[in-house]
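Asker: requesting a structural model of the entry that follows:
(one chain, ligands or ions: 2)
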Amino acid sequence: MGTANQIWLYDTTLRDGAQREGIALSLEDKLKIVRQLDKMGIPFIEGGWPGANPKDVQFFWKLQEEPLTQAEIVAFCSTRRPNKIAAEDPLLKAILAAGTRWVTIFGKSWDLHVTEGLKTSLEENLKMIADTIEYLRSQGRRVIYDAEHWFDGYINNRDYALETLKTAKVAGAEWLVLCDTNGGTLPHDVTRIVQDVITYLDIQPDKDSPQLGIHTHNDSGTAVANGLAGVVEGVRMVQGTINGYGERCGNANLCTLIPNLQLKMGYHCLEETQLTQLTKTSRLISEMVNLAPDDHAPFVGRSAFAHKGGIHVSAVQKNPLTYEHIKPENIGNERRIVISEMAGLSNVLSKAKTFGIELNKEDAACRQILARIKELEHEGYQFEAAEASFELLMRQALGQTKSFFELQGFQVHCDRLYEEGMPYSNALATIKVTVNGEDRLEVAEGNGPVSALDSALRKALVNFYPEIAQFHLTDYKVRILDGGAGTSANTRVLIESSNGHERWTTVGVSPNILEASYQAVVEGIEYGLLLKSSLKQPIQSISS
Ligand SMILES: CC(=O)SCCNC(=O)CCNC(=O)[C@H](O)C(C)(C)COP(=O)(O)OP(=O)(O)OC[C@H]1O[C@@H](n2cnc3c(N)ncnc32)[C@H](O)[C@@H]1OP(=O)(O)O
Ligand SMILES: CC(=O)C(=O)O
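Answerer: Ligands and ions are numbered 1, 2, ... in the order given. From the prediction side, this is the model:
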């Protein structure tokens, strides 16, 4: 056992996390994820159920060839089937073949599951638990026992549930993990039930084995709170998943549990440097499972330390404690200042600094910029996501941009055509611009009006600004702002552009979707050109 304040983290992203609807991990994905968790210092990582599918079998073979650096990789399985012999159970043979030092076995605690699910007797279930653990111990394995449906079982039949745990303890399980499998338990029930288990089994937290663990699901929205409640009472292993992925509403989110345990409750889970990997790990794993990261996730979300209200920004700049519950850098996250109609001068100053522009509150331009933002946001512009447009607006107010070209006009023509009876769209854009006093007229095709317009504009400009050849649109989002107005509604378009190295987002607003798109396209090109120009150097405050 560890020191008095040690909590043993147990990650089940690769097993229970993968039981989330919408996640399908390849062998390669699983290997990448396990290495990242190992790097972050998680001591126990549940890799999968080796008897359940060929991918999990291969996963454990791969780890035998290239073991992890510090984590114990754990193989998962059920107890033997009713009225069978443990040594002959194919799933138990597979878990042994996985070659791990530690195995996790789940067994039934709830009498309802024994009689209705397993269709066996309460006595046989106790034998299944005992036989399985004793057999695995005889084969040299260390055993973690997951007491499935522990809390429901306890509430339905306390004495039987406690007997199943005692059986696992006597058979040699080193960890007894209380599972809230259906996720319906609330923290005050966790508290009283854990207290009873500790007394009944005479558990000595932080001393000898067995010790208690907890595995919670989020169906009541209390998975993390339940885990914390268990720890307060003496539980020393916490099971969960990165980003809370898991069956139904998910498992306890380790990205929330770990910082709460370590930074607020004084327990030791990870080294300080490992804790700073948390945000990166959360985002990396969301990439690997192909789910968009939750920007508003506690601790690790992109917005977890984002300040939008002017009052907040002003105070945070004086002392971050005023609106932040922890230091974002402790978990590898960062503070962000957001620009919107709720901004005050402090937001503008702070954002200017990130663009390399030193302003102070006395600059007249500062108030003008703020007033302009509020006016434009009232018209439907939104600068939170369109930071490139905001920087252009700021530089225009400060006289720090130049006009790269002048639009004379454009026309876009869309056709719906048919080829062998199949419909397809084709768009043609004509644009006329003046650059350095020279008129250019260009035509381009696209599979839609915006791509045709974008192509025509870039074609007209590329001879003057060759870097435009590297620019391309990477994302295009449209939002109808006043849906009640039907097809004459105001439209906001956000366009993300890239030059292959950097990405930036611009915004346009108009009742005409093409006009809104044109504004965003033009700002996208202007910002790309600005990035390469000497204008994008840090500049001095205009009043200094
Ligand atoms: C709480 C949890 O998250 S537990 C983990 C859940 N995860 C999974 O189920 C994913 C992996 N599972 C699988 O690939 C398959 O279900 C397998 C390979 C395990 C079993 O497949 P099958 O043999 O076809 O059985 P099936 O999935 O239909 O039913 C599960 C069987 O396990 C039995 N079972 C359930 N829990 C236990 C247990 N703790 N001990 C022994 N048997 C159990 C059920 O009673 C049922 O038996 P039955 O077929 O006699 O009715
Ligand atoms: C073991 C497990 O995953 C559960 O009881 O939820």
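Asker: OK, contacts around the residue minimising distance to the centre of the chain?
Answerer: Against the mean C-alpha coordinate of the chain, by C-alpha atoms, centre = their mean, the closest residue is P293 at 3.3 Å. Listed by C-beta atoms under 8 Å, 6 or more residues apart in numbering, the contact set of P293 reads 243, 282-283, 286, 301-302. Quick note: C-beta positions are derived from backbone N, CA and C, even for glycine.
Asker: ok, N490 touching Y381?
Answerer: No: judged on C-beta atoms under 8 Å, N490 makes no contact with Y381 at a distance of 10.3 Å.
Asker: quick check: neighbours shared by those two?
Answerer: V509.
Asker: same drill for these two, tell me which one is more crowded.
Answerer: Of the pair N490 and Y381, Y381 is the one with more neighbours under other C-beta atoms under 10 Å, namely 23 against 17.
Asker: so who does that one touch?
Answerer: Residues near Y381 by C-beta under 8 Å, 6+ apart: 389, 492, 507, 509.
Asker: one more pass at 7 Å, please.
Answerer: With contact set as C-beta atoms under 7 Å, 6 or more residues apart in numbering, Y381 has these partners: 507, 509.
Asker: if I look at it, how far off is S121?
Answerer: Noted for Y381: a distance of 69 Å to S121, by C-beta to C-beta, to the nearest Å.
Asker: same deal with Q239?
Answerer: Q239 sits at a distance of 29 Å from S121 (criterion: C-beta to C-beta).
Asker: leaving out sequence neighbours, find the closest residue to the residue in the stretch 401-544 of the chain positioned nearest to ligand 1.
Answerer: Distances between the stretch 401-544 of the chain and ligand 1 by C-beta to the nearest ligand atom are smallest at D475, namely 36.3 Å. Spatial nearest neighbour of D475, excluding adjacent residues (C-beta to C-beta, 6 or more residues apart in numbering): E496 at 3.7 Å.
Asker: can I get the top helix by length along the chain in CSV, CA atoms only?
Answerer: Ranked by number of residues, the top helix in the chain under DSSP state H is helix 513-532. Extracted C-alpha coordinates of helix 513-532, given in CSV (Å, rounded to 0.1, in the frame of the first residue of the first chain):
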residue,chain,number,x,y,z
ILE,A,513,-25.7,34.6,-47.6
LEU,A,514,-23.4,35.3,-50.6
GLU,A,515,-22.6,38.8,-49.3
ALA,A,516,-22.0,37.4,-45.7
SER,A,517,-19.7,34.7,-47.2
TYR,A,518,-17.9,37.3,-49.4
GLN,A,519,-17.1,39.4,-46.3
ALA,A,520,-15.7,36.4,-44.4
VAL,A,521,-13.7,35.2,-47.5
VAL,A,522,-12.2,38.7,-48.1
GLU,A,523,-11.2,39.0,-44.4
GLY,A,524,-9.8,35.6,-44.6
ILE,A,525,-7.5,36.6,-47.5
GLU,A,526,-6.7,39.9,-45.9
TYR,A,527,-5.7,38.3,-42.6
GLY,A,528,-3.6,35.7,-44.5
LEU,A,529,-1.8,38.5,-46.3
LEU,A,530,-1.4,40.5,-43.0
LEU,A,531,0.3,37.4,-41.4
LYS,A,532,3.0,37.7,-44.0
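Asker: next, the buried residues of that helix.
Answerer: Neighbour-count burial for helix 513-532 flags 513-514, 516-531 (criterion: 16 or more other C-beta atoms under 10 Å).
Asker: related to what we said a few turns ago, show me which of Q239 and S121 is the more surrounded one.
Answerer: Q239 (28 against 13).
Asker: okay, and the more buried one sits in which element?
Answerer: Using DSSP states H and E, Q239 falls within strand 237-240.
Asker: and if you look at G409?
Answerer: Counting by DSSP H and E, the element that carries G409 is strand 406-419.
Asker: got the contact list for that strand?
Answerer: 423-434, 439, 449, 452-453, 514, 518.
Asker: repeat for stretch 96-109
Answerer: Residues outside stretch 96-109 that contact it (C-beta under 7 Å, 6+ apart) are 44, 46, 50, 60, 64, 72-79, 95, 114, 118, 125, 128-129, 132-133, 136, 139, 141-150, 153, 161, 164, 168.
Asker: and if we set it to 6 Å?
Answerer: With C-beta atoms under 6 Å, 6 or more residues apart in numbering as the test, stretch 96-109 has contacts from 50, 60, 64, 72-79, 95, 114, 125, 129, 132, 136, 139, 141-150, 153, 161, 164.
Asker: same for ligand 1: which of those residues are within range?
Answerer: Among those, the residues within reach of ligand 1 (C-beta under 6 Å from any ligand atom) are 78-79, 148.
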